[in-house]
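> here is my input, please return the structure:
(one chain, ligands or ions: 1)
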Amino acid sequence: MVRVRFAPSPTGPLHIGGVRTALYNYLFARQNGGKMILRIEDTDQTRFVPGAEQYIIEALDWLGIEFDEGVHLGGPFGPYRQSDRKPMYRQYAEQLIRDGWAYYAFDKPEALEAKRKEFEAQKKTFQYDCNTRMQMENSLSLGMEEAQRRIDAGEPYVVRFQFPDNIDITVHDMIRGDVTMNSRLLDDKVLFKSDGMPTYHLANIVDDHTMEITHVIRGEEWLPSAPLHVMLYKAFGWEDTMPRFAHLPLLLKPEGNGKLSKRDGDRLGFPVFPLEWHDPKSGEVSSGYREQGYLPHAVVNMLALMGWNPGTEQEIMTMDELIKLFNVEHISKNGAKFNLDKAKWFQHEYFQMLSDEAVADMLQKELDARGITASRDYVVKVAGMMKERITFPSELWDTCCYFFAAPTEYNEKDVAKRWTPDMHIHMAKVIEILNTVPFEHDAIHKALLDDYIAANGLNTGKVMNSLRIAVVGRTVGPDMITLILTIGKEETIRRVERAIEKLKIN
Ligand code: GLU
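Presented below is the predicted three-dimensional model:
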């Protein structure tokens, strides 16, 4: 049974890269008929941010990334928040000490700093490891008896992992293949603190083991920690059930140099967070995909393809298709550049898949906000007609307003370019035509474009665009005759009369 987990730390809003990690875990779980778990890794209380956990849950829910067990759902392996699991970690730290895989260390911050300086003076970098640990204050250098005496006396301590000297540790990564590192390069990481809190490394391994996690799919930034994690499984005697690892490529800046950061989003005008985030400390607001009007599946589809492809050219995929097509073999080893145009392209594609009714609902909200009434049929018709011009709901009103309200002003540039002094004569003629010919496309087209404009050698662009200025206020919009037919004869005539009056001075 496949069991995967998404294990964010509630240190702020969930970065879009974290969303992708959650998505890949979800696709993998669903594809294999497995379970998807949400575990909150909040052992570092100094970095805890109120509201972050709720934000993570809300964001993933919005995107349709579902969990089977987790902090918000409960389940047979709970609790799912590490701070709620606190009492269970100590025994594991003690087990490692008993078995010679870890030791107590008492070094004060000042002592560590002094060591660092001492090494720096010799142009070396200090690392707490097999070469230096005997020079430090720990249960290896002081002896277990002295260590116990200090602990009993209430002296603060940490528990550090004791890497064996000079061994090669291999991580079998599903994306990168075998990654080997020598233990001499690794420092004796802190696993446990005297306040009873484990660090990320210990809690992560204990939880993955006790929650029976089979695959760890996470960001590449955790690859350097993976040799320690592999060693911890060995030290605990859990090698047989050690999960398989897959480290996902980074999401890069649009230019491709470096990891996508919050600042890039601000700089280039796109969100790096799924939902808007109000920082509880600074009050700073960071924009979110949801609030910018992105459709959740447009975001999911875009993210799915940042670092993975189905092996074909197919780009638009439903969640079910993603679940079917996803495979770890097609995850790229290279970082994936963020591309705003592509994000907008997905959004436009998915906006087009909305029903006319759904777009009409959005449009109705704009009308309600402005106190404008219109029949449902009319709103649906306009929504269907204008949908293809729209990417974000925020564009709806500007794109559709003239179907519901006569222009209150006329674009000066358009007027200067098109509305020549003779125009009021031609517009009067338009009114006459509308009043006399049958109110349908072909009849209006023939009377206006053939029998009047062409027959009199007039400039079609000028006359038709002037008519557009009169009806719309500027030279945008769908086919002019379709527009007239949609807003109706009386309304069109009223608008043309008004334009003649207002623009006469030209
Ligand atoms: N808590 C870690 C994070 O915030 C999880 C890393 C992992 O998945 O092992 O990314």
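> tell me how many other residues crowd residue 115.
17 (other CB atoms under 10 Å). In short, each C-beta sits where N, CA and C put it, glycine included.
> surely it is in contact with residue 136?
Yes - using CB atoms under 8 Å, residue 115 is in contact with residue 136, at 7.4 Å.
> who touches both of these two?
Shared contacts of residue 115 and residue 136 (CB atoms under 8 Å, 6 or more residues apart in numbering): residue 107.
> next, residue 155: secondary structure please.
Following DSSP: H, G, I helix; E, B strand; the rest coil, residue 155 is assigned to coil.
> got a pLDDT number for it?
At residue 155, the model reports a pLDDT of 97.
> okay, now it: neighbour count?
Residues contacting residue 155 under the criterion other CB under 10 Å number 14.
> spit out the contact partners of it.
Going by CB under 8 Å, 6+ apart, residue 155 touches residue 106.
> mean confidence for stretch 401-421?
Across stretch 401-421, pLDDT averages out at 96.
> from the middle of its chain, how far away would that stretch be?
The chain centroid and the centroid of stretch 401-421 are separated by 40 Å under CA atoms, centre = their mean, to the nearest Å.
> list the buried residues in it.
401, 402, 403, 404, 406, 407, 410, 411, 414, 415, 418, 419 (16 or more other CB atoms under 10 Å).
> next: stretch 207-219.
Buried residues in stretch 207-219 (16+ other CB under 10 Å): 207, 208, 209, 211, 213, 214, 215, 216, 217, 218, 219.
> ok, of those, which one's closest to the ligand?
Nearest to the ligand, judged by CB to the nearest ligand atom, of the buried residues of stretch 207-219 is residue 218 at 3.5 Å.
> ranges for the strands of the stretch 151-300 of the chain?
Secondary structure of the stretch 151-300 of the chain (DSSP state E, counting those that start in this stretch): strands located at 158-161, 168-173, 177-182, 190-193, 215-219, 244-248, 251-252, 277-278, 285-286.
> so which of those is nearest the ligand?
Closest approach to the ligand among the strands of the stretch 151-300 of the chain is made by strand 215-219 (3.5 Å; CB to the nearest ligand atom).
> other SSEs contacting the closest one?
Applying 3 or more CB pairs under 8 Å, 6 or more residues apart in numbering; DSSP states H and E, one finds that strand 215-219 contacts strand 3-6, helix 16-31, strand 244-248.
> near the ligand, from the buried residues of stretch 207-219?
Residues shared between the buried residues of stretch 207-219 and the neighbourhood of the ligand are 216, 218 [CB under 6 Å from any ligand atom].
> of all the helices and strands packed on strand 215-219, which lies closest to residue 340?
Closest to residue 340 of the helices and strands packed on strand 215-219 is helix 16-31 (CB to CB; 12.1 Å).
> what's that closest one packed up against?
Taking 3+ CB pairs under 8 Å, 6+ apart as the contact cut, helix 16-31 packs with strand 3-6, strand 35-38, helix 52-62, strand 215-219, strand 244-248, strand 251-252, helix 296-304, helix 319-325.
> tell me which helix or strand of this protein sits lowest on mean pLDDT?
helix 262-268 (a mean of 84; mean pLDDT, DSSP states H and E).
> tell me the spacing between the residue lying closest to residue 461 once chain neighbours are set aside and residue 474.
Spatial nearest neighbour of residue 461, excluding adjacent residues (CB to CB, 6 or more residues apart in numbering): residue 418 at 7.7 Å. Distance of residue 418 to residue 474, computed by CB to CB, to the nearest Å: 10 Å.
> these two touch, right, residue 238 and residue 209?
Yes - using CB under 8 Å, residue 238 makes contact with residue 209 at a distance of 5.2 Å.
> out of the buried residues of stretch 401-421, which are close to the ligand?
Counting by CB under 6 Å from any ligand atom, no member of the buried residues of stretch 401-421 is near the ligand.
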